[in-house]
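S.K.: One predicted model, sequence on top.
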Amino acid sequence: MRFRDLVDELAARLAGGRVHFGHGMGSAEEEALALANFVCRSGLWQRRSLLGRRVSPAVQERARAIAFARVARRLPLAYLTREAWFGGMRFYVDKRVCIPRSPLAELIEIGFAPWLNPDGARRIIDLCTGSGCIAAACAFAFPDAEVIATDLSPAALSVAERNARRLGLAGRVELRKGDLFAGAQGKFDLIVANPPYVPAGACGSLPREYRHEPRMALAAGADGLAIASRILEEAPRYLAEGGLLALEVGEVAGDLAASHPELPFLWPSLERGGEGVLLLRA
Ligand SMILES: C[S@@+](CC[C@H](N)C(=O)[O-])C[C@H]1O[C@@H](n2cnc3c(N)ncnc32)[C@H](O)[C@@H]1O
């Protein structure tokens, strides 16, 4: 069997399995390609020369077994392959962390231009770091900055530590267990966060794939605003003059804006899709 036929077969299997795509994959075709690349260890997305390559029966079987588990257990692909891509980098993931997919990646890659002076970003804090993907992407985007990343979950921090080590960032990203800013000292030029923002009552009705993720990574009080509102309240104490707060709040963006009419939020348009990312200048 050739690579292109394996991708077609997997895509048909996923489409027929009526799985939900929402963890960084937009369609059955995209996910099938990611899975085929994973089993072939090619890591080269959508490279034409791969399409005609032969795939051994053993590798085909491995891909089918993963696709079977994906459909039968409605596990997100990333938990089966133990990898997810964010900002062009590969991260180790398992069920201790939610799967990296924040649209913040796009803004990090451009250094938050034009809202942040790139030379002025000396200290950065990533709240609710999970796998550490945002902190790591910031460490690469701002090579001279000190990056601190916090999370309340020790299990998530073990994953973040593993990722920092794999990416050669062990000395660059300082991981701390803490409730949002707890233990943070001084001011930050960039405060970035993708906190939980799902209304607690809505968690049970999410597609099954999301229910494999840690509940504390998703649920945020009755209205989904509990953590984001606390970040807004506490940020002024930690934001440096000329600094920027970048916060993902997804579907509760409208509710958050309505509950803080006094704050001049900026809502950048995102070329790669996604919504609900707000920016606020000091
Ligand atoms: C939506 S996940 C985001 C993970 C990662 N930043 C990303 O973008 O993939 C939210 C994370 O917030 C953490 N968390 C929940 N409540 C917290 C709190 N009060 N303080 C710090 N972290 C918290 C969870 O453990 C989880 O890892």
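M.R.: Everything's here; your move.
S.K.: Every contact and neighbour count from this point should use C-alpha atoms.
M.R.: Noted.
S.K.: Residue 178 contacts residue 152, correct?
M.R.: Yes - the pair residue 178 / residue 152 is scored as a contact, 5.0 Å apart, by CA atoms under 8 Å.
S.K.: tell me the contacts of residue 162?
M.R.: Contact analysis of residue 162 by CA atoms under 8 Å, 6 or more residues apart in numbering lists residue 92.
S.K.: Can you give the distance from the helix or strand hosting residue 108 to the centre of its chain?
M.R.: Per DSSP states H and E, residue 108 falls inside helix 104-109. Taking CA atoms, centre = their mean, to the nearest Å, the mean C-alpha location of helix 104-109 is offset from the chain mean by 11 Å.
S.K.: neighbouring contacts of the next helix or strand after it?
M.R.: Using DSSP H and E, the helix or strand that follows helix 104-109 in sequence is strand 123-127. Contacts of strand 123-127 with the rest of the structure, by CA under 8 Å, 6+ apart, involve 134-135, 138, 145-151, 180-181, 187-195.
S.K.: now with 6 Å?
M.R.: 135, 145-150, 180, 188-193 (CA atoms under 6 Å, 6 or more residues apart in numbering).
S.K.: can you give me the helices for the stretch 51-200 of the chain?
M.R.: Assigned by DSSP state H, counting those that start in this stretch, the helices in the stretch 51-200 of the chain fall at 57-73, 77-81, 104-109, 133-141, 154-166.
S.K.: Return the most buried member of the ones you listed.
M.R.: Of the helices of the stretch 51-200 of the chain, the one with the most neighbours on average (mean count of other CA atoms under 10 Å) is helix 133-141, at a mean of 24.
S.K.: got the angle for it vs strand 123-127?
M.R.: Relative orientation of helix 133-141 versus strand 123-127 (axes from the mean of the first three to the mean of the last three CA atoms, to 10 degrees): 160 degrees.
S.K.: how is this protein carved up into domains?
M.R.: Residue ranges for the domains of the chain, per automatic domain parsing: 3-81, 102-281.
S.K.: What separation do you get for residue 104 and residue 242?
M.R.: Remark: distance between residue 104 and residue 242 (CA to CA, to the nearest Å) = 20 Å.
S.K.: In contact with residue 213, which residues are there?
M.R.: Residues in contact with residue 213 (CA under 6 Å, 6+ apart) are 95, 98.
S.K.: cool, and residue 65?
M.R.: For residue 65, no contacting residues are found, by CA under 6 Å, 6+ apart.
S.K.: Could you report the pLDDT at it?
M.R.: Here the pLDDT value assigned to residue 65 is 97.
S.K.: for residue 126, same thing?
M.R.: The score at residue 126 is 98. That number is its pLDDT.
S.K.: Could you number the chain from 22 rather than 1 from now on?
M.R.: Got it, the first residue is 22 from now on, which makes the last one we talked about residue 147.
S.K.: what about it, neighbour count?
M.R.: 29 (other CA atoms under 10 Å).
S.K.: Bridge partners for it, pull those for me.
M.R.: As for beta bridges, residue 147 partners with residue 170, residue 213 under DSSP bridges.
S.K.: how far away is residue 198 from residue 149?
M.R.: In this view, residue 198 and residue 149 are 10 Å apart by CA to CA.
S.K.: Mutual contacts of those two, please.
M.R.: By CA under 6 Å, 6+ apart, residue 198 and residue 149 have these common neighbours: 171, 172.
S.K.: Same drill for the two, tell me which one is more crowded.
M.R.: When neighbours are counted by other CA under 10 Å, residue 198 and residue 149 differ, and residue 149 comes out ahead with 28 against 17.
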